[in-house]
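In: The sequence and its predicted three-dimensional model are supplied below.
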Amino acid sequence: MTSREHSSWRSSLWKELPNVTHVWPQQDKQNDSRFRNLQQVSVKSCRKLKALFPVAIATNLKMLEQLEVHFCDELREIVEKDSGGGGETKKFVFLYLTRLRLYNLPQLAHFYDGMFTFECPELNILYPFNCNKFDLFQTPQGNSPPITRPPLFSNIKDISKVKTLSMKSKDTWVLKSWLQQSEDLELEYLRGLMLTFDDDCLLTSSAAGSLKHLEELYVYDCKSLKDIVQKEQDDETATEEIIFEQLKRISLQHLRSLECFYQGNAALKLPSLAQTALFLNNYPELEGKWVGSSEIPVEWSLSLQVRKCKHVEAIFDVKDTSAKHDDPVTFRLRTIVLKELPSMRHVWNNDPKASPFSFPFLEGVGVQECKRIKNLFPASVPRDYLRHLDVRKCGELEEIVAKDEAFPQDANNKEIDMLFPQLTFMVLWALPELRCICSGMQNLLDQSVVLTRLYVFSCPKLKAFAADIA
């Protein structure tokens, strides 16, 4: 292939080439401009590849806009040092690079094995994931010897335009340190943040203010994390608010030590969370109730998913909250999914008084493998708009709705027996102790006039169906 043909390339994709050790031709010359017009490079599942670019090519990729490298098990560096490079500082300038994705590269240790500078002023997606040996940021050296191989960035200003950022533990620690030292510094373009972290807190309350434009927060596999936002000494008498003005999505998964979102006294506000979902997955140390004080802010979520939290006993703390709220706490939740919560006894605590919580938009509830729960709804929780109910493998569940003195009644004190006026879909699956939908109400099909799909399997004590279906 001629040099002119090479220079016409705009995009290069290399995928599932298990024996490839080099993508580009190996030459000793210091300057190779044959691929100068490349705009997109994607390399996936080239298991034996050890380096991506020769340095002579990398220094001439002036038009590069996107670089993605996935599942290359033996890749150790992005740019390979040439044999005659000596000790000079190489300059890598990517004026148009907007997207850098490095995914599942377990051996990737550095960008270039030598001194270099890296410029990408338009970068807006920086996404290294499962690249545990690769450092994004410059760690403060203190009295350590001078570095001979710098990380990708040495200053927070180098990522000032990044909109989506993924970081591992060490890089998260550096970023947190930068934010704490620069009170007037904001990552004003940052919209999405994904973190794997091994510390007891993610951000101090003051540093959180630097992320006020953040729209999505993903925190994953952080073994020691106890708080997302850590209170500071000033928080004890704080009158100011901690506001994530634009935060629309929170996903917290596999956080083994998480205790709460924020423990301080400053008001925590997430006014935009109404447009999104909150995922809570695998919190073995989280205890007690999640909603009722300020531990987990779900009031503004559209969807709540809670999974694998072995100590949680209730999700919504009706009992302890009723005395604290003169007006109902309105949740915008549309769906609730609860799975593998072995200690959970209640979704809503039973309370004979009116519930302080209002769920005017709730349409779907799914509960699975919550073996200690006895009933799903207390009578005080409205179910007027519920359309979808799916309950499976809850070994001690006896009834769906707990009947108590708060059960709704009409003007003549006659109990209103329409439990689910809008329910169209119901699954009751492998519930060995389920006796009824609600005590004293035997006619299931009268509980919803619009029920169109009903699935019942392995509920041997449930007798309400025989008369209905006959």
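Out: Yep, it's here.
In: Secondary structure element holding Val174?
Out: According to DSSP states H and E, Val174 maps onto helix 169-181.
In: Tabulate the CA atom coordinates of that helix in CSV.
Out: Presented in CSV, the C-alpha positions along helix 169-181 are these (Å, rounded to 0.1, in the frame of the first residue of the first chain):
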residue,chain,number,x,y,z
SER,A,169,-9.3,4.3,43.5
LYS,A,170,-5.9,6.0,43.2
ASP,A,171,-7.0,8.5,40.6
THR,A,172,-10.2,9.3,42.6
TRP,A,173,-8.0,10.1,45.7
VAL,A,174,-5.9,12.5,43.6
LEU,A,175,-9.0,14.2,42.1
LYS,A,176,-10.5,14.6,45.6
SER,A,177,-7.3,16.1,46.8
TRP,A,178,-7.3,18.6,43.9
LEU,A,179,-10.9,19.6,44.6
GLN,A,180,-10.2,20.1,48.3
GLN,A,181,-7.2,22.3,47.6
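In: what packs against that helix?
Out: strand 201-204, helix 205-208 (3 or more CB pairs under 8 Å, 6 or more residues apart in numbering; DSSP states H and E). C-beta: built from backbone N, CA, C; applies to glycine.
In: contacting residues around the helix or strand that comes right after the last one?
Out: Translated: helix 205-208. Downstream of helix 205-208, the first helix or strand assigned by DSSP H and E is strand 216-220. Contacts to strand 216-220, defined as CB atoms under 8 Å, 6 or more residues apart in numbering, come from residues 191-197, 202, 225, 228, 247-255.
In: Off-centre distance for strand 216-220?
Out: 4 Å (CA atoms, centre = their mean, to the nearest Å).
In: now that strand: mean pLDDT?
Out: Taken as a whole, strand 216-220 has a mean pLDDT of 82.
In: out of the helices and strands packed on helix 169-181, which comes closest to Val365?
Out: strand 201-204 (30.3 Å; CB to CB).
In: who touches that closest one?
Out: Here strand 201-204 has contacts from 172, 176, 179-180, 195, 211, 219, 222, 225-230, 232, using CB under 8 Å, 6+ apart.
In: so Asp384 makes contact with Gln422?
Out: Yes - using CB atoms under 8 Å, Asp384 is in contact with Gln422, at 6.7 Å.
In: So for the protein, the centremost residue is which one?
Out: Ser251 (2.2 Å; CA atoms, centre = their mean).
In: and it, that one's in a helix?
Out: No - assessed with DSSP: H, G, I helix; E, B strand; the rest coil, Ser251 is strand; it does not lie in a helix.
In: in the sheet, who's paired with it?
Out: Tyr218, Phe279 (DSSP bridges).
In: Do you know the pLDDT at it?
Out: For Ser251, pLDDT reads 78.
In: Can you list the strands that the helix or strand that comes right after the helix holding Val174 pairs with?
Out: From helix 169-181 onward toward the C-terminus, using DSSP H and E, the following helix or strand is strand 192-195. Using DSSP bridges, strand 192-195 pairs in its sheet with strand 164-167 (parallel), strand 216-220 (parallel).
In: what about the stretch 101-250 of the chain, any weak spots by pLDDT?
Out: 139-148, 180, 182-186, 197-201, 232-240 (pLDDT under 70).
In: if we can go back for a sec, please pick the buried ones from the contacts of strand 201-204.
Out: Among the contacts of strand 201-204, those classed as buried by 16 or more other CB atoms under 10 Å are 172, 176, 179, 195, 211, 219, 222, 225-230.
In: Quick check on Arg307: phi, psi?
Out: Dihedral angles of Arg307 (phi, psi; degrees, to the nearest 10) stand at phi -140, psi 140.
In: Go ahead and confirm it touches Pro342.
Out: No - when contacts are counted by CB under 8 Å, Arg307 is not listed as touching Pro342 (11.5 Å).
In: These two: who's more crowded?
Out: Higher neighbour count among Arg307 and Pro342: Arg307, with 18 against 13, using other CB atoms under 10 Å.
In: For Leu136, which non-adjacent residue is closest in space?
Out: Nearest residue to Leu136, sequence neighbours excluded (CB to CB, 6 or more residues apart in numbering): Asp171, at 4.4 Å.
In: any idea how far the one you found is from Phe134?
Out: 9 Å (CB to CB, to the nearest Å).
In: For this structure, which segments count as helices?
Out: For the chain, the helices defined by DSSP state H occupy 3-7, 55-58, 169-181, 205-208, 318-321, 465-469.
In: Show the average pLDDT along the first one.
Out: pLDDT averaged over helix 3-7 equals 51, rounded to a whole number.
In: quick one on the thing from earlier: more neighbours: which of Asp384 and Gln422?
Out: Gln422 (16 against 11).
In: residues in contact with that one?
Out: Gln422 touches Asp384, Tyr385, Leu386, Arg387, Ser448, Val450, counting by CB under 8 Å, 6+ apart.
In: Does the third one touch Phe361 like I think?
Out: No - judged on CB under 8 Å, Leu386 makes no contact with Phe361 at a distance of 10.4 Å.
In: Between these two, which is the more surrounded one?
Out: Neighbour count, other CB under 10 Å: between Leu386 and Phe361, Leu386 has more, with 23 against 14.
In: where's the more buried one relative to Leu64, distance?
Out: 52 Å.
In: what's the answer for Val401, then?
Out: For Val401 relative to Leu64 (CB to CB), the value is 61 Å.
In: More neighbours: which of these two?
Out: Higher neighbour count among Val401 and Leu64: Leu64, with 26 against 21, using other CB under 10 Å.
In: residues in contact with that one?
Out: Leu38, Gln39, Gln40, Val41, Phe94, Tyr96, Leu97.
In: Can you report how many residues lie near the third one?
Out: The number of residues packed around Gln40, counting by other CB under 10 Å, is 16.
In: Show me how the protein divides into domains.
Out: Following automatic domain parsing, the chain resolves into domains at 1-140+148-162, 302-307+315-470.
In: Make CSV from those domains and add distance to Gln263 to it.
Out: What follows is the domains of the chain, written out as CSV (distance: least, CB to CB, whole Å):
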stretch, distance to Gln263
domain 1-140+148-162, 27
domain 302-307+315-470, 16
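In: Nearest to Ser206, out of these?
Out: Comparing the domains of the chain by CB to CB, domain 1-140+148-162 comes nearest, at 15.6 Å.
In: just how off-centre is the closest one within its chain?
Out: 28 Å.
In: do stretch 303-319 as well
Out: For stretch 303-319, the distance to the chain centre is 17 Å (CA atoms, centre = their mean).
In: Tell me the buried residues in that stretch?
Out: So, applying 16+ other CB under 10 Å, buried residues of stretch 303-319: 303-309, 312-319.
In: Ok, stretch 96-115 next?
Out: Under the neighbour-count criterion of 16+ other CB under 10 Å, stretch 96-115 has 97-105, 108, 110-114 buried.
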